[in-house]
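A.B. asks: Could you look at this predicted model? Sequence included:
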Amino acid sequence: MSRPPELTALDLGDVTVDEVLRTSKKILATGHHGDLPVIVKVLRGDEDFWAARFAHEIRTCKAFSEHPPPVRVPRLVHADSHRVLVV
C-alpha cells in the first residue's frame, strides 16, 4: 500500500514509516524511531467528534507518560496537540 499524502506531509521527527495498516478516520501505520518499533496514528479530517476523541487519546498518553500507571502501557514517543500520535 502506498503512503497516504497525510503522512508524507507531516513532520514526524526521527520516525520512519514502514507500512500503512489501515486508513479510515485515522491512519494507522507501523514504523521505527531509531531501533524502537512504533505505531503512528494520524487523524484524518476535522470532524468535531473525532477530533475530540483523538485529543482525549493524546491527553491520556501524555498523562501516562507523566504519571505511569501500575500496569504496562505504550510509551509516548511523539504527539502534537490534535492530529499526530506516535507510541
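C.D. replies: That came through fine.
A.B. asks: which residues touch the spatially closest residue to C61 that is not a sequence neighbour?
C.D. replies: Distances taken as CB to CB, 6 or more residues apart in numbering put L76 closest to C61, at 4.6 Å, once the chain neighbours are dropped. C-beta coordinates here come from the backbone N, C-alpha and C atoms, glycine included. L76 makes contacts with C61, K62, F64, S65, L85, V86, V87, as judged by CB atoms under 8 Å, 6 or more residues apart in numbering.
A.B. asks: and the two most separated of the residues you listed?
C.D. replies: Across these, the longest distance by CB to CB is 14.0 Å; it joins F64 and V86.
A.B. asks: what about these two, which has more around it?
C.D. replies: Between F64 and V86, counting by other CB atoms under 10 Å, V86 is the more crowded of the two (24 against 16).
A.B. asks: Model confidence score at that one, please.
C.D. replies: As predicted, V86 sits at a pLDDT of 91.
A.B. asks: for the chain, which spans come out with low pLDDT?
C.D. replies: For the chain, applying pLDDT under 70 flags the ranges 1-6, 11.
A.B. asks: Please report the distance of the most far-flung residue of it relative to its centre from V87.
C.D. replies: Largest separation from the mean C-alpha position in the chain: P70, at 22.7 Å (CA atoms, centre = their mean). Distance, P70 to V87, using CB to CB, to the nearest Å: 19 Å.
A.B. asks: And for H56?
C.D. replies: Counting by CB to CB, the gap from H56 to V87 is 15 Å.
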